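>>> pasting the structure only:
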């Protein structure tokens, strides 16, 4: 069961994604506590977690401030990911373990199931998407590559890069996840790399159409 801190984190993340809290805004602990009907202690814990996850930054003597996120930031993230993750998929094709393939297939199945809901839960889909890409990153078996990708696959960055995608774009992205998984299962590194690059750039186009 989610803790109070978990629920506060979710509420603040959603407000940031929807534009209720904008880049540069300072988040007042008492105001948030009053709005959510809780004390300041779990709000403080939630803000600390959000800072660690890249949603806010702590400014000495002023508090937590929402980190700026621009269209240019989003473009740059997708371009870097397309290059690095294609390489990761190529490496993973000849290194991935059966347990990792099983998990990828389970993630894709969960994504398809969630997408059938009238209002697909973005937070859950974002977490599954992040796990899908992190599983391939781990299967690639390169610590240097993993460190590079972790910077651009941070939870906040991933969520903010994919928020607001319409249903057809999300459905296509999940279908691409399935095809990438098949290429990995067939140890086809070239196909896996090509599919991964197409996947990331197609999501980027869909995100740009929706706006940042």
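Happy to help now that I have it. Here the structure is a predicted model, which is why all the values come from computation and not from measurement.
>>> if I look at the residue lying closest to residue 165 once chain neighbours are set aside, how far off is residue 3?
In space, and not counting its chain neighbours, residue 165 is closest to residue 206: 5.2 Å by Cβ to Cβ, 6 or more residues apart in numbering. Bear in mind the C-beta positions are built from the backbone N, C-alpha and C, glycine included. When distance is defined by Cβ to Cβ, to the nearest Å, residue 206 is 34 Å away from residue 3.
>>> one step back: which secondary structure element is home to the residue nearest to residue 165?
Here residue 206 sits within helix 189-210, counting by DSSP states H and E.
>>> for that helix, which positions count as buried?
189, 191-197, 199-200, 203-204, 206-207 (16 or more other Cβ atoms under 10 Å).
>>> same question, stretch 123-133
Result for stretch 123-133 [16+ other Cβ under 10 Å]: buried residues 125-126, 128-133.
>>> Doesn't residue 79 belong to a helix?
Yes. Under DSSP: H, G, I helix; E, B strand; the rest coil, residue 79 falls within a helix.
>>> how about the closest residue to it other than its chain neighbours, what does it touch?
Computed as Cβ to Cβ, 6+ apart, the closest residue to residue 79 that is not its neighbour in sequence is residue 204, at 7.9 Å. Residues near residue 204 by Cβ atoms under 8 Å, 6 or more residues apart in numbering: 74-75, 78-79, 82.
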